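Undergrad: Dropping a prediction and its sequence here:
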Amino acid sequence: MSDTSTARRHELNLYRRYFELVAAGHKRVEVRVRYPHLIGMAAGDTIRFRIKGTEETCDVRVLRVTRYPDFEALLDGEGPANVNPASGREEASAARGMACDADWTA
């Protein structure tokens, strides 16, 4: 259990298609490269997702933060359907972009 007195709120942008999946409760795993501004994220924190350029937001509570050495390990650990319910493993792998050798967090 996390100490809620130290819980923080993080603001992250999402594309509309992913935002709608999160807001509907279908996408429960968010995947990000572990950039410096995300290092302190912990269970109990809140993420406010926003569709960039709009006022549409959705708040979710962080249940856990898991580090993976690479994107393939992340897909193996979380399952492609949990990472992106709207696509399969091949599409998820292709979407990882240029940060394929980064330290990933789910």
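TA: It's in.
Undergrad: Strands of the protein, start to end?
TA: Secondary structure of the chain (DSSP state E): strands at 9-14, 32-33, 46-51, 57-61, 67-68, 104-105.
Undergrad: Go through these and pick out the most buried.
TA: Ranked by mean neighbour count, the strands of the chain are led by strand 104-105 with a mean of 21 (mean count of other CB atoms under 10 Å). Glycine gets a C-beta too; all of them are placed from N, C-alpha and C.
Undergrad: How many residues are close by L75?
TA: 22 (other CB atoms under 10 Å).
Undergrad: That one reaches V83, doesn't it?
TA: Yes. L75 lies in contact with V83 (CB atoms under 8 Å); the separation is 6.4 Å.
Undergrad: all helices for this protein, in order.
TA: With DSSP state H as the criterion, the chain has helices at 16-23, 71-78, 80-83, 89-94.
Undergrad: show me the contacts for E11.
TA: By CB atoms under 8 Å, 6 or more residues apart in numbering, the contact set of E11 is I47, R48, R50.
Undergrad: give me that answer again for 6 Å
TA: Counting by CB atoms under 6 Å, 6 or more residues apart in numbering, E11 touches R48.
Undergrad: what sits opposite it in the beta ladder?
TA: Applying DSSP bridges to E11 gives these bridge partners: R48.
Undergrad: for V33, same thing?
TA: Counting by DSSP bridges, V33 forms beta bridges with W104.
Undergrad: ok, now how distant is it from F71?
TA: V33 is 9 Å from F71, where distance means CB to CB, to the nearest Å.
Undergrad: Thanks again, I'm all set now.
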